[in-house]
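Asker: Prediction below, plus the sequence it came from.
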Amino acid sequence: MSIFTPEVIAIIIGVVKAIVILLGVVIVSALMIWWERRLLGFWQDRWGPNRVWFLGIGQVVADMVKIFMKEDWIPRFVDKPVFIVAPAVSMTTMLMAFAVIPVAPGWRVININVGALYFLAMVSLSVYAVMLGGWSSNSKYALLGGVRAAAQMMSYEVFMGLAMMGVVVEAGSFSFDKIVAAQHGLWYVVPQFLGFLLFLTAGVAATHRAPFDIPEAEQELTAGYHTEYSGMKFGMFFVAEYVAITLVSALIATLFFGGWQGPWLPPAAWFVIKTGFFMCFFILLRAALPRPRYDHFMEGGWKVMLPLALANVLVTGAVVLAVG
Amino acid sequence: MRVWLILEGVWSNVVTLWLIFAHLWRHKDTISYPETMPYLPPRYRGRIILTRDPDGDERCVACNLCAVVCPVSCISLQKAERPEDGRWYPEWFRINFSRCIFCGFCEEACPTNAIQLTPDFEMSEYDRQNMVYEKEHLLISGTGKYHDYNFYRVAGKSIAGKPKGAGENEAAPISVKTLMP
């Protein structure tokens, strides 16, 4: 009687898959720090970091060595336990949200039938990291950044969920597996184009990336909620931001662009290509668009995006009911 | 009306995205420095040199104007007099390039065109002390930017072999006691 019963083997395979996906996400996110600087360089008529190793890819390693060597300074005036936990929360929630995304058929960490809700819950939790980080820093810029982040996430998550509902209604399921499978003939970006645009906007806001980097807003708040952070704690916030970009890009690919579905190439390759495209698009957004004023941003969320999202759900629901 | 404004704003953002994306295949402004050297104009203010006059003598007359005008006080020198003809020259001349800001004031102040700035900036050192240049590192054998200028030929200062009134474009000295109205 071996201990390797079929159940144990299944668990081991599951754990290995989870570790592969986790490492993949973290490595891609780290590489994105370099890739973003390269692309921003190209779009600003520069070369970007191209010196260290092949195409400058070694810049990631150099930056990581630098940030690990830095003093892990905790200012005396901060609320220490919360200050330490906040970056970890930021990273963990984003990585956990990735667990439900199907990378390829059968390749995901957990299969739950309410994957979309789980994702929304995790993104909602991630606001605690930013808010607590800003609050525990005990400095006015960090607090303002935290408050802004909380307000931004609150208002944009409302229609992020609603924009997702259009897809959920069409697929008839909250499970990402079924949503991907339902897009076999036609990607949801065609019937749900408005939903795609809304989700994209909300996704940029949820990652608090430029042009919606209002919680950070260098010109107004020095660095926003991570003003008092340095060393690897800042690094955690930084990498969490890139994990969030990877996550939202993967989610856009899954919800609206057929996930791993595609001809000729293996499914995982299609997933990576689609996700990579949207990651580049995120960088393009940062390169091109200026940050809106805070009140304009909130106004746009509540007065334009939310009614549009509601109308989208209403029309989609009506059409699905009518067609049957 | 509001709807139209919103649509216009969205369209404007889309155009912006495309314009920025189109920069991908534009010419890059970056010069990859060690592989391709940047063009430096002749009057670029780089490494400082001391030049010689067309006769091969040092132009510097140790007047100290460069040391006085230097805003960061990186120049120091000691005057000496050549016994055979009475020409002044710096006994030692020292520029601390770790302080120098390459403002070029010394070149402007110099009455004899001795101190000049050149289009050369590759002066990095691992040891800070190596940034201090002595006279033997500064003095070149040529005339630099001004090929014909020779201070002792055009100036009224008399040295051995060139009495008063013997300079170029210089009239013979007139005694005021004989100059009657």
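Answerer: Sure thing, it's come through. Numbering: from 1, shown residues only, chains lettered A, B, ... in the order given.
Asker: what are the phi and psi values for the residue nearest the centre of chain B?
Answerer: For chain B, B:L117 is the residue whose C-alpha lies nearest the centre (C-alpha atoms, centre = their mean; 2.4 Å). Main-chain dihedrals, B:L117, degrees, to the nearest 10: phi -100, psi 140.
Asker: How many residues are close by whichever residue of the stretch 151-300 of chain A sits closest to chain B?
Answerer: Using C-beta to the nearest C-beta, A:A288 is the residue of the stretch 151-300 of chain A that sits closest to chain B, at 3.8 Å. All C-beta spots, glycine's among them, are computed from the backbone N, C-alpha and C. Residues within reach of A:A288, counting by other C-beta atoms under 10 Å in any protein chain shown, total 20.
Asker: which SS class is the closest residue to it other than its chain neighbours?
Answerer: Sequence neighbours aside, B:I20 is the residue nearest to A:A288 in space, at 3.8 Å (criterion: C-beta to C-beta, 6 or more residues apart in numbering or on different chains). The three-state label for B:I20, taken from DSSP: H, G, I helix; E, B strand; the rest coil, comes out as helix.
Asker: which residues touch B:I20?
Answerer: Counting by C-beta atoms under 8 Å, 6 or more residues apart in numbering or on different chains, B:I20 touches A:43, A:284, A:287-288.
Asker: got the buried residues for stretch A:209-222?
Answerer: Neighbour counts over stretch A:209-222 (16 or more other C-beta atoms under 10 Å in any protein chain shown) mark A:209-217, A:221-222 as buried.
Asker: What about the residues you listed, which are in helices?
Answerer: A:L221 (DSSP state H).
Asker: Check what contacts stretch B:23-31 and list those residues.
Answerer: For stretch B:23-31, contacts defined as C-beta under 8 Å, 6+ apart pick out A:41-47, B:38.
Asker: Show me which residues of chain A sit near chain B.
Answerer: A:41-47, A:284-285, A:287-289, A:304 (C-beta under 8 Å from any C-beta of the partner chain).
Asker: And the buried ones among those residues, selectable in PyMOL?
Answerer: The PyMOL selection below is limited to those of these classed as buried (16+ other C-beta under 10 Å):
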select buried, chain A and resi 41+42+43+44+46+47+284+285+287+288+289+304
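Asker: Switch the residues of chain A next to chain B over to CSV; also include secondary structure, distance to A:A202 and pLDDT.
Answerer: Formatted as CSV, the residues of chain A next to chain B follow (DSSP: H, G, I helix; E, B strand; the rest coil; distance: C-beta to C-beta, whole Å; pLDDT from 0 to 100):
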residue, secondary structure, distance to A:A202, pLDDT
A:G41, helix, 28, 90
A:F42, helix, 28, 90
A:W43, helix, 24, 91
A:Q44, coil, 27, 90
A:D45, coil, 32, 90
A:R46, coil, 31, 89
A:W47, coil, 34, 88
A:L284, helix, 18, 91
A:L285, helix, 13, 90
A:A287, helix, 20, 89
A:A288, helix, 19, 89
A:L289, coil, 16, 87
A:V304, helix, 12, 84
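Asker: Which pair of the residues of chain A next to chain B spans the longest distance?
Answerer: A:W47 and A:V304 (38.9 Å; C-beta to C-beta).
Asker: And the helix or strand of chain A with the lowest mean pLDDT, what does it pack against?
Answerer: The weakest-scoring helix or strand in chain A, judged by mean pLDDT, DSSP states H and E, is helix A:218-221 (a mean of 78). Judged by 3 or more C-beta pairs under 8 Å, 6 or more residues apart in numbering or on different chains; DSSP states H and E, the packing partners of helix A:218-221 are helix A:140-171.
Asker: Get me the contact residues on chain B for chain A.
Answerer: B:6, B:13, B:16-17, B:19-21, B:23-24, B:26-30, B:32.
Asker: Filter these down to the buried ones.
Answerer: Among those, those classed as buried by 16+ other C-beta under 10 Å are B:16-17, B:20-21, B:23.
Asker: Output the least confident helix or strand of chain A as PDB - backbone C-alpha positions only.
Answerer: Extracted in PDB, the C-alpha atoms of helix A:218-221 (Å, rounded to 0.1, in the frame of the first residue of the first chain):
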ATOM      1  CA  GLU A 218       3.500  62.300  -7.600                       C
ATOM      2  CA  GLN A 219       2.900  65.900  -8.400                       C
ATOM      3  CA  GLU A 220       0.300  66.400  -5.700                       C
ATOM      4  CA  LEU A 221       1.100  63.800  -3.000                       C
END
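Asker: neighbours around A:D177, how many?
Answerer: Neighbourhood size, A:D177 [other C-beta under 10 Å]: 19.
Asker: Next, the contact list for the residue nearest in space to the middle of chain A, please.
Answerer: The residue lying closest to the centre of chain A (C-alpha atoms, centre = their mean) is A:A244, at 2.5 Å. Counting by C-beta under 8 Å, 6+ apart, A:A244 makes contact with A:94, A:126, A:206-207, A:209.
Asker: mind redoing it with 6 Å?
Answerer: By C-beta atoms under 6 Å, 6 or more residues apart in numbering or on different chains, A:A244 lies in contact with A:94, A:207.
Asker: Tell me the buried residues in the helix or strand where A:G14 lies?
Answerer: Assigned by DSSP states H and E, A:G14 falls within helix A:6-43. Using 16+ other C-beta under 10 Å as the test for burial, helix A:6-43 gives A:17-18, A:21, A:25-26, A:28-30, A:32-43.
Asker: quick one: low-confidence ranges for chain B?
Answerer: Under the criterion pLDDT under 70, the flagged ranges of chain B are B:1.
Asker: residue in it nearest to chain A?
Answerer: At 3.8 Å from chain A, B:I20 is the closest residue in chain B, using C-beta to the nearest C-beta.
Asker: That residue and A:F257, how far apart?
Answerer: Per C-beta to C-beta, to the nearest Å, B:I20 is found 23 Å from A:F257.
Asker: related to what we said a few turns ago, how distant is the least confident helix or strand of chain A from the center of its chain?
Answerer: The chain centre lies 23 Å from the centre of helix A:218-221; the measure is C-alpha atoms, centre = their mean, to the nearest Å.
Asker: next one: stretch A:111-123
Answerer: Centroid separation for stretch A:111-123 versus its chain: 14 Å, with C-alpha atoms, centre = their mean.
Asker: Could you list the buried residues of that stretch?
Answerer: Within stretch A:111-123, the residues that qualify as buried are A:115-116, A:118-120, A:122-123, counting by 16+ other C-beta under 10 Å.
Asker: Show me which pair in those residues is furthest apart.
Answerer: For these, the maximum inter-member distance is 12.7 Å, found between A:G115 and A:V123 (C-beta to C-beta).
Asker: a helix runs through A:W270, doesn't it?
Answerer: Yes. Under three-state DSSP, A:W270 sits within a helix.
Asker: and it, what is it in contact with?
Answerer: With C-beta under 6 Å, 6+ apart, A:W270 has these contacts: A:260, A:262.
Asker: Tell me what the nearest residue to B:R87 once chain neighbours are set aside is bridged to.
Answerer: Computed as C-beta to C-beta, 6+ apart, the closest residue to B:R87 that is not its neighbour in sequence is B:I159, at 5.5 Å. Counting by DSSP bridges, B:I159 forms beta bridges with B:K162.
Asker: Surely B:I159 and B:Y89 touch.
Answerer: No. B:I159 is beyond contact range of B:Y89, at 11.5 Å (criterion: C-beta atoms under 6 Å).
Asker: In terms of neighbours, single out the busier of those two.
Answerer: Taking neighbours as other C-beta under 10 Å, B:I159 and B:Y89 compare with B:Y89 leading, 18 against 15.
Asker: For chain A, give me the ranges with low pLDDT.
Answerer: For chain A, applying pLDDT under 70 flags the ranges A:1, A:324.
Asker: Point me to the helix or strand that includes B:I95.
Answerer: strand B:88-96.
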